[in-house]
Every structure is written in structure tokens, then in C-alpha cells.
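**Student:** below is the sequence, then the predicted model.
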Amino acid sequence: MSLGGLLKISGFKGYKLVNKISIDAAQLDAELALMLAKIVPLNGKDVNLVESTARELKSSFAVAATRLGMCGEETVYRAISDICAWPLIDQIAQCPHAQLVLTACNEMGLNIDWCIEHQVFPVLTEDDQLKLYATDPCASFSLQVIENIATSKRVSCFLLTPAMAVSVMDEISRERAVSELFGRSRTDVAALAEEAPVINLVNSIVERAVLADSSDIHIEASSKNMVVRFRVDGRLSEFMQQPMTRFPAIASRIKLMAQLDIAERRLPQDGRFSIRAGNKDFDVRVSTAPDVHGESIVLRLLPKKRDELSIESLGFESDHLNLIKQWGSLNNGIVLVTGPTGSGKSTTLYGLLGHINSGKEKIVTVEDPVEYQLDGITQVQARPDIGYTFARALRTFLRQDPDVIMVGEIRDKETADIAVQSSLTGHLVLSTLHTNDACSVFPRLTDIGVEPFMVAATIQGVQAQRLVRKLCQNCAQETEAPSFLNETLPQGQWKKAVGCKQCQGRGYRGRIGVYELVPVTSTIRQLITHSAPLADIRAEARAAGCRSLFDDGLLKAARGITTVEEVLRVCSVEESEA
């Protein structure tokens, strides 16, 4: 039969089917044939072959097309998603969580094995909505069964690719195994932590976090449930909840992996382990802290190899990029990077070290912990628990004939004094400090105990930074410039966040830095030496042309990289002018 004949039989009129529970198979095949004829493309002969194969296999047009190699599975399911107006689920991070599926089946009186057999997975939401995940929108029997059970609920349908359906079924099997394990009358937490279901559950949490591009996993105890949250692009979102009875075994499993004391629940502990997930190797830093319900556990995911650790890829404007490269080429002095925890300070220093490292310099670092391993650089792990502090490591480094020294953080007067002495004896010292902006570094070092004239003599440049989320370029839409802008600020291509499948509805994908760089000029040195007020130092920096964090963020918002709302969230006008 020709393509035209197939369309005539199905009554195709060129419209998209609405999001509804059951779709007519003939009509779906007709629309799918037409769409694939345009995308692949398929001719009438190809359509006839697919149709005959479908009859022989007693399968759908989509299955036959992929079996014959006419088109890929992803292309077919994306087309079906467009035709049926069912959002496509083709990433593991978008799949329904097994516990939510099991809970929905229990509340609706559905047999989970029946759902697995028909590959339909219901999820009930807090707002009395039913989300239905299925691989076949034409499976009228199974879909109608669930629709009849959920007559009072608003139904939203989602299309699972076969690969994602297998992933959901595997996770359901893991969850059922965990439930069965904890259903037994066992109280030996150490033994439970070694059981396969618990091991698989912990591994699954880490793998899902990696696939969601998370930087941290937060596992928190509460009065009733254990909550697992992922930090993606700096924002936390809930991933799953588990019964509180499972928390001790999960916590013990993580402690075993990190070589911590599983019996110690009253004191904080720190450890680490390595894992491979998503075809990448990760170092996982583990931190535990006691709370009123038990413990709070945070896992930081650090990829062992990163391709983006170049100074050019971190979001510096051209003038800032040239300036920080100049600082990296200095023979002596101190360059400080400042900002709150998690603002990318270490990443910036690694990028600068990568730029400096030409094989002609001796570069040594002391860190706690060593986050990323760099070739050609001597990296040392500080161990305060055995007395090997930053200050002691720095003294050792000075006998190693270094050219460049990186100190993970200046935390006390002893470390600051040795860093100052190192810079005065012909070394370039790079380090970080916790302050709100660049100019606050100078009074901060004075407060630690460094003499103002020594601060003025050694510091060559100071950089403050924050991280803002980048707009998803697939769905971002143009918008008007913010009303508070004056004529001197850029009039560019302002955009707003919308949300789509590629960014999982967030409107943002990834993060980029906003920066404030202050070179220490002769005028600023005089102000520091005379312990001038911080406001005077800031005013001099602005007069010399240094942009604030807020102004640098506006430049990126004007180019459509981020939004004004995101810049305001991260660095307010008051903070940048304080």
C-alpha cells in the first residue's frame, strides 16, 4: 500500500493528537509514516516494506521501522512524542523513581508485576495528579485500566523509550529487593550495609546524581523519612525519600566506602572514595555531621578528569582574562581569589595553573583536599590530623626550589605570614580567602595579624567571584531590558528562562563565573599601608575602572548568557556597592 493510501485509510487530516490516555494505532502509524517520510526520508516503497514487516512481526509501525534499520529508535520515539503530545523521557534523570511507582501502585490497587509486564508506570503527585509513563501510547487496554481506576485525577502522559523503561524496571527490582531485606527482623546495621540490595541502592543514588550533573548529594535524616537531594547548578532539588528505617544501613554503607567509623554517630567525620559512573571516574568526598534526627551526610562529586579546566573557558571578559594572565606571569607576589564556599575559587586557580604550566617552572600546591589532579604539578594533601598543616607544608616547599606555590586557603596568621615571606623571597603565591568582595581582602589579612605594610608590599592582585546559572540556549526567549538600567550600561540581547526537556524544565544549564578583579596600584598600596577605610579602597578601585561583581554579571546578562534575576540572586546591588 502506498503512503497516500495508508493516510487515507487512517483519516489523517494533518493535526496533532492531543494528550489523552489512548491513541488509535492506525492513526498513529499514519502520522508516524508521514513524519518519518520527511525526517529520514522514507519513500512509498519503504513504507510498504515497514508495513508488511509490522504485519509479520505483529508489531507497531515504529518497532518495524527500527528493526529494519530505516531510522533510529530515538528518531522514531521523538516523532511519536510530537504526534501524541506526550513529553519524551529519554534520559535517566527524567525517569520516575521506583519508590513513587510502587507507592502509586499500592494506593491504586495495581499489581506492580502487571505494570511491568505492560510497561506502564503510574506516579501520584501531591496535587492529586496522575503521571503515567508508558512505552506504547496505543496500548489501550492497560492505559484504560489505569484511567478507570484514576477517574477523579488529572492525568498527564509521558512517553518512555524502551531503554528508559528497562532502567525503570531495574530500579523497581532494586527497590523491591531493599524493601524485602528491611522487612526481615534484622537489627545488625553493619551486616545490612554489606547486603547487595543496600549496596545497589547507594550505587544507584550516586549514578543518578552523576547523570543529573549534580555537584553534591545531600542525605538528610528527619523524624519520618530520609530525604535525598541533589545540587544541580548550585540549587538543591529533592530526588527521593526513603523510610527512616533504612537510614542507618545506608549511612553505614557510605561510611564503609569512605573508610569511616560506622559506630561513630556523635562526632563529624570526613572521608573519600572513588567510583566510576557514566563512563567517568569520580572522587567522592564524604562529610558526616550529627543532627537531632541522626546524621546529615553530604557527598561531593569531583570528576578526576576535566576537559574544561582552561582559564579561557571560565567566563572571563577579555580585559579580565588578560589581567589574570598577567598576574600568572609574575615572578613574585601574592594573587588571591576570594568568594564564598562553592563559588569556583579552586577551579579558577587550577585554570590559572594550567595556563602557567609550560614545563619550565616548578609548581607545587598544598590543598585540603586535592580536588583535581594536574599533570606536571606537584600536589600535596594537607593532613592537619597528623600535624601536616598548610604552614608546615609551605616551609617544606621553600626547600623544593619552587617557582609557583598554590596554597588551598589562607586560614590563619601562621599560613599568611609564610605566604608573605615566600612572596618576598621570589616566589609567586596563589591562594584563596573567604571575603565578600575583592577589596575586603586587605582588612581581612590585617585582622588575621599581617602588618598592613606587608599586605601592601606583597599582594599583586585580588579577584572576587560568584557562579551564576547559564541560560538553556534551547528554550531561552528574548525579553526587554531591565527597567533599572541607565544609559551607560549595555543594551544587548536580554533573555529570560523558560524551561524545556533539555534543561529538565529549569531554564538553565550549567554555570559560569562573574568576576571582580582589582590590581593593587600604587595608590591602593598607600591606602592599605595607612589602614584607610574599606570604602576609600573600594572607591579608588572603581575610579581605576574595576567592575563590580554586579556589573560584570550584567555584561553576561546583556549577551543572553544568564538572566538579570540570576545576577541579582547571586550578587545584589547593595553587596557590590557595600
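**Tutor:** The structure has been received and is ready for your questions.
**Student:** which secondary element of the chain has the worst mean pLDDT?
**Tutor:** Within the chain, no helix or strand scores below helix 3-10, which has a mean of 38 by mean pLDDT, DSSP states H and E.
**Student:** pLDDT below threshold where in this protein?
**Tutor:** Counting by pLDDT under 70, the low-confidence segments of the chain come to 1-23, 41, 184-187, 306-308, 485-491, 572-578.
**Student:** tell me how far residue 426 lies from residue 327.
**Tutor:** 16 Å (C-beta to C-beta, to the nearest Å). Where you see a C-beta, it was placed from the backbone N, CA and C, and this is true even at glycine.
**Student:** quick one: which of these two has more around it?
**Tutor:** Under the criterion of other C-beta atoms under 10 Å, the comparison of residue 426 against residue 327 puts residue 327 first, with 21 against 11.
**Student:** a helix runs through the more buried one, doesn't it?
**Tutor:** Yes - remark: residue 327 belongs to a helix, assigned using DSSP: H, G, I helix; E, B strand; the rest coil.
**Student:** test my guess that it contacts residue 334.
**Tutor:** No - the pair formed by residue 327 and residue 334 falls short of the contact definition of C-beta atoms under 8 Å, at 9.8 Å.
**Student:** tell me where the stretch 201-350 of the chain has helices.
**Tutor:** For the stretch 201-350 of the chain, applying DSSP state H, counting those that start in this stretch gives helices covering 247-257, 318-328, 345-356.
**Student:** now the first one: buried residues?
**Tutor:** Buried residues in helix 247-257, counted by 16 or more other C-beta atoms under 10 Å: 247-257.
**Student:** likewise the last one?
**Tutor:** Judged by neighbour count using 16+ other C-beta under 10 Å, the buried positions of helix 345-356 are 345-356.
**Student:** what angle separates it from helix 318-328?
**Tutor:** Using axes from the mean of the first three to the mean of the last three C-alpha atoms, to 10 degrees, the inter-axis angle of helix 345-356 relative to helix 318-328 is 70 degrees.
**Student:** on contacts alone, who are the packing partners of the next helix or strand after helix 345-356?
**Tutor:** Later in the chain than helix 345-356, the nearest helix or strand by DSSP states H and E is strand 363-367. Packing partners of strand 363-367 (3 or more C-beta pairs under 8 Å, 6 or more residues apart in numbering; DSSP states H and E): helix 345-356, strand 378-381, helix 390-397, strand 404-407.
**Student:** any chance of JSON lines for the ones you listed, columns distance to residue 283?
**Tutor:** Below are those laid out as JSON lines (distance: least, C-beta to C-beta, whole Å):
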{"stretch": "helix 345-356", "distance to residue 283": "13"}
{"stretch": "strand 378-381", "distance to residue 283": "12"}
{"stretch": "helix 390-397", "distance to residue 283": "20"}
{"stretch": "strand 404-407", "distance to residue 283": "18"}
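**Student:** of those, which is nearest residue 370?
**Tutor:** Nearest to residue 370 among those is strand 378-381; the distance by C-beta to C-beta comes to 5.0 Å.
**Student:** and that closest one, which strands flank it?
**Tutor:** Sheet pairing for strand 378-381, assigned by DSSP bridges, gives strand 363-367 (parallel).
**Student:** so which residues make contact with the strand it pairs with?
**Tutor:** Outside strand 363-367, the residues that touch it by C-beta atoms under 8 Å, 6 or more residues apart in numbering are 346, 353, 356-357, 376-382, 390, 393-394, 397, 400, 402-408.
**Student:** what about 6 Å?
**Tutor:** Residues outside strand 363-367 that contact it (C-beta atoms under 6 Å, 6 or more residues apart in numbering): 357, 377-380, 382, 390, 393, 397, 400, 402, 404-408.
**Student:** who's in contact with the closest residue to residue 366 other than its chain neighbours?
**Tutor:** Excluding the flanking residues, the one nearest residue 366 by C-beta to C-beta, 6 or more residues apart in numbering is residue 393, at 4.0 Å. With C-beta under 6 Å, 6+ apart as the criterion, the residues that contact residue 393 are 366, 380, 382.
**Student:** may I ask which of those has the most neighbours?
**Tutor:** residue 366 (26 neighbours).
**Student:** how far away is that one from residue 392?
**Tutor:** Counting by C-beta to C-beta, the gap from residue 366 to residue 392 is 9 Å.
**Student:** what about residue 401, how many residues nearby?
**Tutor:** Neighbourhood size, residue 401 [other C-beta under 10 Å]: 9.
**Student:** again with residue 471
**Tutor:** Counted with other C-beta under 10 Å, the neighbours of residue 471 add up to 26.
**Student:** could I get the phi/psi values of it?
**Tutor:** Main-chain dihedrals, residue 471, degrees, to the nearest 10: phi -60, psi 140.
**Student:** still on that earlier bit, could the buried residues of helix 247-257 go into TSV alongside distance to residue 515?
**Tutor:** What follows is those, written out as TSV (distance: C-beta to C-beta, whole Å):
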residue	distance to residue 515
247	41
248	44
249	45
250	40
251	39
252	43
253	41
254	36
255	38
256	41
257	37
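**Student:** and which of those is nearest to residue 183?
**Tutor:** Among the buried residues of helix 247-257, residue 249 lies closest to residue 183 (C-beta to C-beta), at 13.0 Å.
**Student:** for that closest one, give me its contacts.
**Tutor:** Contacts of residue 249 by C-beta under 6 Å, 6+ apart are 189, 192-193, 198.
**Student:** please name the nearest non-neighbouring residue to it.
**Tutor:** Distances taken as C-beta to C-beta, 6+ apart place residue 192 nearest to residue 249, at 3.9 Å, with adjacent residues excluded.
**Student:** state the helix or strand in which that neighbour lies.
**Tutor:** Following DSSP H and E, one finds residue 192 within helix 189-193.
**Student:** hey, C-alpha coordinates of that helix in PDB?
**Tutor:** What follows is helix 189-193, C-alpha atoms only, in PDB (Å, rounded to 0.1, in the frame of the first residue of the first chain):
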ATOM      1  CA  VAL A 189      23.300  -2.500  60.800                       C
ATOM      2  CA  ALA A 190      26.800  -3.500  59.800                       C
ATOM      3  CA  ALA A 191      25.500  -6.700  58.200                       C
ATOM      4  CA  LEU A 192      22.800  -4.800  56.400                       C
ATOM      5  CA  ALA A 193      25.300  -2.400  54.900                       C
END
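**Student:** which residues are contacting it?
**Tutor:** Residues contacting helix 189-193 (C-beta under 6 Å, 6+ apart): 198, 248-249, 252-253, 256.
**Student:** next, the contact list for residue 500, please.
**Tutor:** 474-475.
**Student:** try residue 479
**Tutor:** Residues in contact with residue 479, defined by C-beta under 6 Å, 6+ apart, are 494, 496.
**Student:** could you do residue 382 as well?
**Tutor:** Residue 382 makes contact with 366, 368, 390, 393 under the criterion C-beta under 6 Å, 6+ apart.
**Student:** how about these in CSV, adding distance to residue 213?
**Tutor:** Shown next, in CSV, are the contacts of residue 382 (distance: C-beta to C-beta, whole Å):
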residue, distance to residue 213
366, 30
368, 26
390, 32
393, 33
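**Student:** between those, which sits nearest residue 223?
**Tutor:** residue 368 (34.8 Å).
**Student:** quick one: neighbours of that closest one, just the number.
**Tutor:** Residue 368: 19 surrounding residues under other C-beta under 10 Å.
**Student:** which stretches in the stretch 451-578 of the chain count as strands?
**Tutor:** Taking DSSP state E, counting those that start in this stretch, the strands of the stretch 451-578 of the chain run over residues 459-471, 477-478, 495-496, 508-519.
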